[in-house]
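>>> only geometry, no sequence info:
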């Protein structure tokens, strides 16, 4: 694999404004009833008056060891050299196995194509033109950092090397390529 | 509620619905009835007894092809692109359990038709005399064909379980007990289905070789019950998410389906019926029909319970 595109979501900087969600929808022509990207506002956590919310980005995790790719009977779900989990619409029969197998529940059936759809880091459009994904470029607080983690000089590399981060559901062994910088606001859980 | 981040509808964890549950039931029924019929045939042959025209084998020759074809029809209709289903026959990703299932079914389905054609040879030749040559060749290969069908039926029964257990984030599904549970329950629905169809359509005497089929019911029911215990005890030891999933048998609608359908109709009723019922009843038509219907409903409930409750708890 020559490239290893990763995304870092800084939960301290995120304000849950949904600009990314809206930008994704318009960039990728996502039908109104479905979505590739949500930032869920969870909480409040903590004790009054020190309350805070958690901003949970929900989109394809681009797993290195992707369950959706493993279960797909026809190979319609696949990973290329860029490491981006992709979908070949022509091979797909719509058995929903990938939708059911995704531990992050981020695959959905596109009502127009009848084929599973999800975030692909805008690879056909913006990435192909050498631009950042729509969500990254539109984020008003620069909570998102995107790039090739194999490139020693990249911004993502620097962020991941200098800040603590975590990935979701690592126990499942999927090795997601979406990293999260946890909120500093803590509190003791009983 | 309106979230500012949008609708949550597409995030419903239950992706595969009752259509898949019924397909899994049909595949189990077909595989189970084949296993029981071929097993009975071998048992009889090893004792030098005649196997020609046994009602249970005739019943399997009907159930085997019909159940799997109905199941396949449901499966294709459930695809989001049913008219493009042929892609699944052309492209194979061998890390996918479903691809292995397609391969197994691709061989299994024609062979159960051959099995049926050999059982009903007279009737087939009456309507299609041009098949005489093919049937003769198949007849000579019958021994090997039966072994192959038996192996493939085992494969079909087990694959339906692995199909679900490959989904790593559902604790109830992601266990190696599931394929064993599905195979055991396939055997029980297979024998019940064979007894039902044999009693209704093929049996001349009331006890026509149903005796031997009854004999496998205890060990099969025991295995099924054991697998269910293993499944839920195992979950209890597998971390917080899996532990939370044991709520599937204590709370909600699916808990009632489990206790009334799976345990009650599927296990308790058949076992009590064959231990406590007076001898005079045991081979009466009404009794056989009632008990086998109860087992069939129990296994149907099991497939629904596993599909729905299995997907409702995510780790």
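Received it, and whenever you're ready, just let me know what you need. What you see is a predicted model, and the numbers here were worked out from it, not measured in a lab. Numbering: from 1, shown residues only, chains lettered A, B, ... in the order given.
>>> And for residue B:239, the neighbour number?
12 (other CB atoms under 10 Å in any protein chain shown). Every C-beta, even on glycine, is put in place using the N, C-alpha and C of the backbone.
>>> now the top helix by length along chain A, how far from the centre of its chain.
What stands out as the longest helix in chain A, according to DSSP state H, is helix A:19-28. Put simply, helix A:19-28 sits 13 Å off its chain's centre (CA atoms, centre = their mean, to the nearest Å).
>>> what's the answer for stretch B:115-128, then?
With CA atoms, centre = their mean, you get 25 Å for stretch B:115-128.
>>> ends of that stretch, how far apart?
Start to finish, the residues bounding stretch B:115-128 are 16 Å apart (CA to CA, to the nearest Å).
>>> which parts of that stretch are buried?
B:115-119, B:121, B:124 (16 or more other CB atoms under 10 Å in any protein chain shown).
>>> again, but for stretch B:244-258
Those would be B:245-246, B:248-249, B:254, B:257-258, for stretch B:244-258 by 16+ other CB under 10 Å.
>>> what packs against the helix or strand harbouring residue B:73?
Using DSSP states H and E, residue B:73 falls within helix B:55-78. With contacts taken as 3 or more CB pairs under 8 Å, 6 or more residues apart in numbering or on different chains; DSSP states H and E, helix B:55-78 sits against helix B:18-46, helix B:97-119, helix B:177-197, helix B:210-236.
>>> Would you tell me which of those helices gets closest to chain A?
helix B:97-119 (3.8 Å; CB to the nearest CB).
>>> Past the closest one, which element shows up next along the chain?
Following helix B:97-119 toward the C-terminus (DSSP H and E): helix B:121-127.
>>> for that next one, packing partners?
Packing partners of helix B:121-127 (3+ CB pairs under 8 Å, 6+ apart): helix B:132-140.
>>> how many neighbours does residue 104 have?
Since you didn't name a chain, this refers to chain A. Around residue A:104 there are 22 residues (other CB under 10 Å).
>>> not what I meant, chain B
19.
>>> what residues are up against residue B:27?
Neighbour list for residue B:27: B:67-68, B:71, B:156-157, B:160, B:186 [criterion: CB atoms under 8 Å, 6 or more residues apart in numbering or on different chains].
>>> any chance of those residues in a markdown table, with neighbour count and pLDDT too?
Listed next are the contacts of residue B:27 as a markdown table, based on neighbours: other CB atoms under 10 Å in any protein chain shown; pLDDT from 0 to 100:
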| residue | neighbour count | pLDDT |
| --- | --- | --- |
| B:67 | 24 | 98 |
| B:68 | 25 | 98 |
| B:71 | 24 | 97 |
| B:156 | 28 | 97 |
| B:157 | 26 | 96 |
| B:160 | 26 | 97 |
| B:186 | 33 | 97 |
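>>> about what we covered before: among the buried residues of stretch B:244-258, which ones are in helices?
B:245, B:254.
>>> Now tabulate the helices and strands packed on helix B:55-78 in TSV and tack on distance to residue B:308.
Putting these into TSV (distance: least, CB to CB, whole Å) gives the following:
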stretch	distance to residue B:308
helix B:18-46	7
helix B:97-119	20
helix B:177-197	14
helix B:210-236	15
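>>> Which of the ones you listed sits closest to residue A:80?
Smallest distance to residue A:80 across those (CB to CB): 20.4 Å, for helix B:97-119.
>>> quick check: angle from that closest one to helix B:18-46?
50 degrees (axes from the mean of the first three to the mean of the last three CA atoms, to 10 degrees).
>>> How many residues are close by the residue of chain A found nearest chain B?
In chain A, the residue that lies nearest chain B is residue A:94 (2.8 Å; CB to the nearest CB). By other CB under 10 Å, 21 other residues sit near residue A:94.
>>> ok but it is inside a strand, no?
No - counting by DSSP: H, G, I helix; E, B strand; the rest coil, residue A:94 is not part of a strand but coil.
>>> Contact partners for it?
Here residue A:94 is in contact with A:109, A:114-116, B:79-82, B:84 (CB under 8 Å, 6+ apart).
>>> at 6 Å what do you get?
By CB atoms under 6 Å, 6 or more residues apart in numbering or on different chains, the contact list for residue A:94 reads A:114, B:79-81.
>>> These in strands, which ones?
Of the contacts of residue A:94, none are assigned to strands by DSSP state E.
>>> What's the ChimeraX syntax to select whichever of the residues you listed are buried?
The ChimeraX command for the buried members of the contacts of residue A:94 (criterion: 16+ other CB under 10 Å) is given here:
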select /A:114 /B:79,80
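>>> Among the contacts of residue A:94, which pair sits farthest apart?
Longest span within those, CB to CB: A:114 and B:79, 9.0 Å.
>>> OK, contacts around residue A:166?
By CB under 6 Å, 6+ apart, the neighbours of residue A:166 are A:180, A:182.
>>> Tell me where chain A is predicted with low confidence.
Across chain A, the ranges flagged by pLDDT under 70 are A:1, A:186-190.
>>> Any residues of it in contact with chain B? List them.
For chain A, the residues in contact with chain B (CB under 6 Å from any CB of the partner chain) are A:18, A:34-35, A:38-40, A:67, A:70-75, A:91, A:93-97, A:99-101, A:103, A:105, A:108-109, A:114, A:172.
>>> Between the two ends of stretch A:101-116, what distance do you get?
12 Å.
>>> For it, list every residue counted as buried.
Under 16+ other CB under 10 Å, the buried positions of stretch A:101-116 are A:101-110, A:114-116.
>>> How about chain B: which residue is closest to chain A?
For chain B, CB to the nearest CB, closest residue to chain A: residue B:80, 2.8 Å.
>>> excluding its backbone neighbours, what's nearest that residue?
Of all residues not flanking residue B:80 in the chain, residue A:94 sits nearest, at 2.8 Å (CB to CB, 6 or more residues apart in numbering or on different chains).
>>> what's the answer for residue B:58, then?
Counting by CB to CB, 6+ apart, the residue nearest residue B:58 is residue B:202, at 4.6 Å.
>>> cool, and residue A:75?
Nearest to residue A:75 is residue B:93, by CB to CB, 6+ apart, at 4.1 Å.
>>> surely that neighbour meets residue B:99?
Yes - using CB atoms under 6 Å, residue B:93 is in contact with residue B:99, at 5.3 Å.
>>> shared neighbours of those two, anything?
Contacts common to residue B:93 and residue B:99, judged by CB under 6 Å, 6+ apart, are residue A:73.
>>> got the contact list for residue 167?
With no chain named, the answer covers chain A. A:176, A:179.
>>> my bad, chain B
Residues near residue B:167 by CB under 6 Å, 6+ apart: A:100-101, B:173.
>>> repeat that for 10 Å
The contact partners of residue B:167, by CB atoms under 10 Å, 6 or more residues apart in numbering or on different chains, come to A:67, A:71, A:97, A:100-103, B:15-16, B:97, B:173-174, B:310-311, B:314.
>>> With that, I have no additional questions.
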